[in-house]
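Enquirer: Got a sequence here, can you build the structure:
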Amino acid sequence: MASQINQNTIDATYPIAGQDNSSQGFRNNFSAIQTNFGYAYNEISSLQSNAIIRNQNNDLGGNTTITSGTFRTSRETIFAIGSVSGNIPLDYLNGSYQTITLTGSTVLTFNSFSGANGQQTRFRLEVTITDTSFTLTIPASVSINKDTIAGISGNTIYFSDPGTYIFEFATNNGGTSFHVSDLSRPRNEMQGNVSVVTSINNAAQAGITMTVTNVSGNAYGTITCDEIVTGNLTYDANGAVFSGNVEADWFIANSGYIGNIRTPSQTFITDLGTLNSLSVSGNANIGNLTVNGITDMCAGTVYGLQFVPNAAAASSTQIYSNVGTVIIAPNAVIASYTLTMPSTPMNGQIIKIAFANTITTLTHTTVGGQTLLGALTTAGVTTGGEWLYYDSVWYKTT
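Expert: The predicted model follows:
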């Protein structure tokens, strides 16, 4: 403001030395001095009431606008609320940086923001968590950007680790609604959906790269999710190991499969090494199938072969339960041998028995209470036969 003090109303040359001077001149100067003192008093009093003064608190009343100011440094006072739990009011007039330590779950309310309607107002809250069972519930008016806060459910924030967390709250409508930001949580922990977009000038760019830190030549890290939807999944090392489930419309291995494939429904298996067990509840359309054991197919049975080379005299053979043909092949004529039928045959199972040389005395028997009809007592290249099993009885068919 311009000063009203006017030094030109005082005649600095009056009185004139060496002559009589009118007293009116004195009165005029005294009056001008008094007027200017009045101006000075009012202006100094106004400065003392309204000016910003160093080394003391200055209350600008909330309606002062500072334009084109340059600040070299600035500081905020810290208002320590202390250790709290339960329902806690947070008053903005206490300062724009406040701290609390939770000693139990705490519910906050915000006060003194209504006077800032139409102005951008923000404050920061530093929260110390000593026990992860303590929660912090923020007011319902905190509704903007809320769902990006890690560990939030509704308006209650849960903490996975003890520590110090800093949140910033901002409003431009006098506290009707607040925007919230998490300033201290690690950026690798977030809540909500994540969309990665690569575009230049509104045109999509090919390729999104996710890099896991390389440590001593190895890439470490884990990606855990319920579902991966992708056109191509590329891993540049020699293989990928999944300890959980992998779901896909198609699983294609160019070189082969190693390990176990277990599936309730498989449309098309193109290549397998060794299949130890296969259960087909419906129809199976199979080209060439080679089995060493027994396979049930379409209510019928197909059995493997049991070949006994170099059968020695006075020895014995137990026929396997999963074969359909048995060949006993002594190198020469032998005096005696024992041949026992399978211990756990299946109804409808047919076993053909043939011999490569003569056995003078053959003991042909069963186990487990089975009955053997037409048992052989001797064997030779022209003897042998075929037996059909049903309900504990072996019937000789040829």
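Enquirer: What residues of stretch 159-176 count as buried?
Expert: Across stretch 159-176, burial judged by 16 or more other Cβ atoms under 10 Å covers 159, 165, 167, 168, 169, 170, 171, 172, 173, 175. C-betas here are computed from N, CA, C, even on glycine.
Enquirer: Just name the closest of those to residue 347, please.
Expert: residue 159 (66.0 Å; Cβ to Cβ).
Enquirer: Mind pulling up the pLDDT for that closest one?
Expert: The model reports residue 159 with a pLDDT of 91.
Enquirer: residue contacts, it?
Expert: 129, 132, 134, 135, 136, 151, 165 (Cβ atoms under 8 Å, 6 or more residues apart in numbering).
Enquirer: Now it: which helix or strand?
Expert: Residue 159 belongs to no helix or strand when assigned by DSSP states H and E.
Enquirer: quick one: average pLDDT of whichever strand or helix holds residue 103?
Expert: Residue 103 is part of strand 97-111, with elements assigned from DSSP H and E. For strand 97-111, the mean per-residue pLDDT is 97.
Enquirer: can you check stretch 24-37 too?
Expert: Per-residue scores along stretch 24-37 average to 93.
Enquirer: Show me how the record splits the chain into domains.
Expert: Residue ranges for the domains of the chain, per automatic domain parsing: 7-42, 79-182, 300-396.
Enquirer: gap between the two ends of the second one?
Expert: Between the opening and closing residues of domain 79-182 lies a distance of 19 Å (Cα to Cα, to the nearest Å).
Enquirer: Among the buried residues of stretch 159-176, which ones are in helices?
Expert: When DSSP state H is applied, the buried residues of stretch 159-176 are split such that none fall in helices.
Enquirer: CSV for those, including distance to residue 99?
Expert: Formatted as CSV, the buried residues of stretch 159-176 follow (distance: Cβ to Cβ, whole Å):
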residue, distance to residue 99
159, 16
165, 11
167, 11
168, 14
169, 14
170, 18
171, 20
172, 25
173, 26
175, 21
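Enquirer: Among the residues you listed, which one sits closest to residue 321?
Expert: Of the buried residues of stretch 159-176, the one sitting nearest to residue 321 (Cβ to Cβ) turns out to be residue 159, at 62.5 Å.
Enquirer: Against residue 41, how distant is the closest one?
Expert: 60 Å (Cβ to Cβ, to the nearest Å).
Enquirer: Would you map the helices across the protein?
Expert: 23-50.
Enquirer: Okay, now the unreliable bits of it?
Expert: 62, 186-192, 196-198, 205-245, 248, 251-303 (pLDDT under 70).
Enquirer: In a markdown table: the domains of the chain, plus distance to residue 51.
Expert: Below are these laid out as a markdown table (distance: least, Cβ to Cβ, whole Å):
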| stretch | distance to residue 51 |
| --- | --- |
| domain 7-42 | 14 |
| domain 79-182 | 22 |
| domain 300-396 | 105 |
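Enquirer: Of those domains, which is nearest residue 49?
Expert: domain 7-42 (10.7 Å).
Enquirer: Now the closest one: buried residues?
Expert: Quick answer for domain 7-42 (16+ other Cβ under 10 Å): 29, 32, 36.
Enquirer: Now do it: distance from first to last residue.
Expert: Start-to-end, domain 7-42 (Cα to Cα) is 16 Å.
Enquirer: again, but for stretch 103-120
Expert: End-to-end for stretch 103-120, by Cα to Cα: 32 Å.
Enquirer: chain center to stretch 368-377: distance?
Expert: 65 Å (Cα atoms, centre = their mean, to the nearest Å).
Enquirer: and that stretch, which residues are buried?
Expert: Applying 16+ other Cβ under 10 Å to stretch 368-377 flags 370, 372, 375, 376 as buried.
Enquirer: Skipping adjacent residues, who's closest to the third one in space?
Expert: Distances taken as Cβ to Cβ, 6 or more residues apart in numbering place residue 364 nearest to residue 375, at 4.1 Å, with adjacent residues excluded.
Enquirer: repeat for residue 388
Expert: residue 395 (4.8 Å).
Enquirer: Show me the strands in the stretch 101-250 of the chain, by range?
Expert: 117-129, 136-137, 142-144, 152-153, 156-157, 163-173, 178-182, 199-200, 203-204, 214-215, 218-219 (DSSP state E, counting those that start in this stretch).
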